[in-house]
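1. just need the structure, nothing else, for what follows:
(2 chains)
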Amino acid sequence: MWHALRAELVYFRPWLLGGLGIAAGVGALLMGIIWFVPDADGTPGFLPEMFLIIAGMVVSFIAQSYRWEERRARLLLAGPLTPRQLAGVTVLLPACLVGLAALAALVKFGLFALVTGNFELANLGFIGAFTGEFLGYAQMGPLAQEATAARRQGRGRAAVLGWTVFVGAVLVLGATMVFRNAIQGYLGQLMVVVTAMAVTVWLYEGRTDFTR
Amino acid sequence: MNGHQPRTTAAARLSGLTKRWPGFHLGPLDLTLEPGTVLALVGPNGAGKTTTLNCMAGLIVPDEGGTEVFGAAVHPDRPDYRRDVGYVGEENGFFQRWTAGRNLDFMAELLPGWSQDRARRLVERFALPLGKPVNKLSRGNRTKLALVAALAHGPRLLLLDEPTAGLDPVVRAEVLDVLWEITEDGEHAVLYSTHVLSDINRIADELAFLRDGQLVLRTGREELSERWRRVSFRLQEEDVELEGVVEHRRVRAEHQVITRDAAATLQRLTELGAEAVEVSRMSVDEIAVQILKEGHHVARAES
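-> Numbers count the residues shown, from 1 in each chain, chains lettered A, B, ... in the order given. Below you'll find the predicted structure:
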């Protein structure tokens, strides 16, 4: 499984780097504007970091789409992987992509703090909150995909469960915005990520068709 | 090669294999494939060939029944059987933006039993351009890549879903040559789905006809070509009943028939006093077309 996951990460590395590059450019532009705008306080807050994490989430959706289109399950099922391990790759790939983007956000935060001497602890908290939120949204793609596959394969109850968890997860993620940067928010996001991953793995294991 | 099982074990065994989709029902299929055999699965589009192969490869879980490969049950949760299976489908899941070589490197790490030497020999044999991204490869080269990936870990059962469809004649001949060589040792078996009927003559030992999800006939290639004949003759009788005839055309006293039992037909023609009897052989692909065209009743009579 780890070999497959590593290969997927290497395969999608150009997209991730491209996405982070674009996000960094937009962030820099924003910082420049804020810097020169009269009456602004001169700090762009957490927005540049947020763009970086969003880029990771967007790349995770792109990766999911390409893997589906390229029918990766067919290739991986030529080897000794079980459906659970394949599902593991499916849920860990978006987590890794968002995680790497969050790492980039932390690096940016650290560098900015070093250069300006302005260390905003609250912004660090927001990086954590956005990471949790976008990790949650990144897991919605595989979950929706597996719920749809379950419906197509005639596994009605599994499909209903999948979509119920999907809707519930989106609602919880919405609610966590109220508690952003608070313990309730983090716990809500953690619950969403873990539940979505577990249900996606369970749905994947129940598949009767691995041709995509 | 994974020569763990005794030679007597069937390369593949389908027992009551059944799969239902909305508007389509495959099976129940019962089929045994012995080592050293090339079995062509013949049928029109939508007959269930791809679904059968996908079930055998463990990509689709059947509703009922199952498949064994060299004695090991085929199920996605128990991947041991995959050591013995090489599968080439229309889509093979490669990393499209990676080069063919990089994809093979990935497969080399993924598949136990991968032989770099075997892979290199196949690459050279096929003149596969390793440096090109998969999405820039021609269809023929993509098929060659899939064949290298399917063969380099030394599987004893090769499942091929229309591997020569859309290939130019030169590439097709190369692919068929390699398949023929693989089965020469008597240890390997190939199940080959096709509707390019000219391929059958080249490599298939046996044919299985699939129609509307049902296996309507399984027979040896030689057996078919020995019995089927095209016969033309002159006979004044209008309503002539001939044993084994599946197609009968008549213009005045000139008749032309296709028979699945040449001996019986010729004997009857002698009894009737037919004149100017001419018998010609039919190619296996012509016979296959006839069986598919005429449908279940021909197949049942053959069985």
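2. leaving out chain neighbours, which residue sits closest to whichever residue of chain A sits closest to chain B?
-> Nearest residue of chain A to chain B, counting by CB to the nearest CB: residue A:75, 3.0 Å away. Just so you know, the C-beta spots here come from the backbone N, C-alpha and C atoms, and that holds for glycine as well. With CB to CB, 6 or more residues apart in numbering or on different chains as the criterion, residue A:75 has its nearest non-adjacent residue at 3.0 Å, and that residue is residue B:93.
3. what are the phi and psi angles of the one you found?
-> phi 80, psi 10 (degrees, to the nearest 10).
4. helix or strand for residue B:249, just tell me which one.
-> Assessed by DSSP states H and E, residue B:249 sits inside strand B:245-251.
5. right, and the helix or strand after that strand?
-> Next along the chain after strand B:245-251, with elements defined by DSSP H and E, is strand B:254-259.
6. the helix or strand following that following strand to strand B:245-251, inter-axis angle?
-> Per DSSP H and E, strand B:254-259 leads on to helix B:262-272 as the next helix or strand towards the C-terminus. If you take axes from the mean of the first three to the mean of the last three CA atoms, to 10 degrees, helix B:262-272 sits at 40 degrees to strand B:245-251.
7. how many residues are close by whichever residue of the stretch 151-300 of chain B sits closest to chain A?
-> For the stretch 151-300 of chain B, the residue closest to chain A is residue B:153, as judged by CB to the nearest CB, at 8.4 Å. Residue B:153 has 25 neighbours, counted by other CB atoms under 10 Å in any protein chain shown.
8. what does residue B:252 give?
-> For residue B:252, using other CB under 10 Å, the count is 8.
9. distance check, it against residue B:236.
-> 9 Å (CB to CB, to the nearest Å).
10. how about residue B:46?
-> Distance from residue B:46 to residue B:236, by CB to CB: 44 Å.
11. residue B:149 now?
-> To residue B:236, residue B:149 is 63 Å away according to CB to CB.
12. tell me which of those two has more neighbours.
-> residue B:149 (28 against 11).
13. which phi and psi values does that one adopt?
-> The phi/psi pair for residue B:149 (degrees, to the nearest 10) is phi -60, psi -30.
14. with adjacent residues omitted, what lies nearest to it?
-> Here the residue nearest residue B:149, using CB to CB, 6+ apart, is residue B:107, at 5.0 Å.
15. the residue in chain B that chain A sits nearest to and residue B:64: what is the separation?
-> The minimum distance from chain B to chain A, using CB to the nearest CB, falls at residue B:93 (3.0 Å). Residue B:93 is 27 Å from residue B:64, where distance means CB to CB.
16. before we move on, the earlier item: return the residues in contact with the residue of chain A closest to chain B.
-> B:92, B:93, B:94, B:95, B:107 (CB atoms under 8 Å, 6 or more residues apart in numbering or on different chains).
17. assign a three-state SS to the residue nearest to residue B:149, would you?
-> helix (DSSP: H, G, I helix; E, B strand; the rest coil).
18. which bits of chain A sit near chain B?
-> With CB under 8 Å from any CB of the partner chain as the criterion, chain A meets chain B at residues A:3-4, A:7, A:11, A:66, A:70-83, A:207-211.
19. report the buried members of these.
-> The neighbour count (16 or more other CB atoms under 10 Å in any protein chain shown) marks A:4, A:7, A:11, A:66, A:70-79, A:81-83, A:207-211 as buried among the residues of chain A next to chain B.
20. next step: those restricted to helices.
-> In helices, defined here by DSSP state H, the members of those are A:4, A:7, A:11, A:66, A:72, A:73, A:74, A:75, A:76, A:83.
21. give me the neighbour count for the residue nearest to the second one when sequence neighbours are not counted.
-> To tie it back to what came earlier, the one meant is residue A:7. Using CB to CB, 6+ apart and skipping residues adjacent in sequence, the residue nearest residue A:7 is residue B:106, 5.4 Å away. Neighbourhood size, residue B:106 [other CB under 10 Å]: 23.
22. state the distance from residue B:106 to residue B:219.
-> Per CB to CB, residue B:106 is found 41 Å from residue B:219.
23. how close does residue A:51 sit to residue A:103?
-> Taken as CB to CB, the span from residue A:51 to residue A:103 is 15 Å.
24. show me which of those two is the more surrounded one.
-> Between residue A:51 and residue A:103, counting by other CB under 10 Å, residue A:51 is the more crowded of the two (23 against 14).
25. quick one: residues contacting that one.
-> A:23, A:24, A:26, A:27, A:30.
26. again, but for residue B:103
-> B:94, B:95, B:134, B:145, B:149.
27. which residues touch residue B:35?
-> By CB under 8 Å, 6+ apart, the contact list for residue B:35 reads B:7, B:9, B:10, B:11, B:156, B:186, B:187, B:188, B:189.
28. possible to save those as a markdown table with neighbour count?
-> Below are the contacts of residue B:35 laid out as a markdown table (neighbours: other CB atoms under 10 Å in any protein chain shown):
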| residue | neighbour count |
| --- | --- |
| B:7 | 10 |
| B:9 | 16 |
| B:10 | 19 |
| B:11 | 26 |
| B:156 | 24 |
| B:186 | 11 |
| B:187 | 15 |
| B:188 | 24 |
| B:189 | 26 |
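29. look up how far residue B:217 lies from residue B:159.
-> Residue B:159 is 20 Å from residue B:217, by CB to CB.
30. so which of those two has more stuff around it?
-> Remark: of residue B:159 and residue B:217, residue B:159 carries more neighbours, 27 against 22, as counted by other CB under 10 Å.
31. give the helix, strand or coil label for the more buried one.
-> With three-state DSSP as the criterion, residue B:159 reads strand.
32. that one: what's it in contact with?
-> Applying CB under 8 Å, 6+ apart to residue B:159 gives the contacts B:53, B:56, B:57, B:85, B:86, B:87, B:88, B:191.
33. CA atoms only for the helix or strand where the fifth one lies, dumped as CSV, please.
-> In other words, residue B:86. Residue B:86 belongs to strand B:85-88 when assigned by DSSP H and E. The C-alpha atoms that make up strand B:85-88 are tabulated as CSV, following Å, rounded to 0.1, in the frame of the first residue of the first chain:
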residue,chain,number,x,y,z
VAL,B,85,-2.8,-14.1,-13.6
GLY,B,86,-1.8,-11.6,-16.3
TYR,B,87,-4.6,-9.4,-17.5
VAL,B,88,-4.7,-7.2,-20.5
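34. who's in contact with that strand?
-> Counting by CB under 8 Å, 6+ apart, A:78, B:53, B:56-59, B:69, B:143, B:146-147, B:150-151, B:153, B:155, B:157-161, B:163 sit against strand B:85-88.
35. in strands only, show me those residues.
-> B:69, B:157, B:158, B:159, B:160, B:161 (DSSP state E).
36. make CSV from those and add pLDDT to it.
-> Listed next are these as CSV, based on pLDDT from 0 to 100:
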residue, pLDDT
B:69, 91
B:157, 92
B:158, 92
B:159, 93
B:160, 91
B:161, 90
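37. right, I'll call it a day here.
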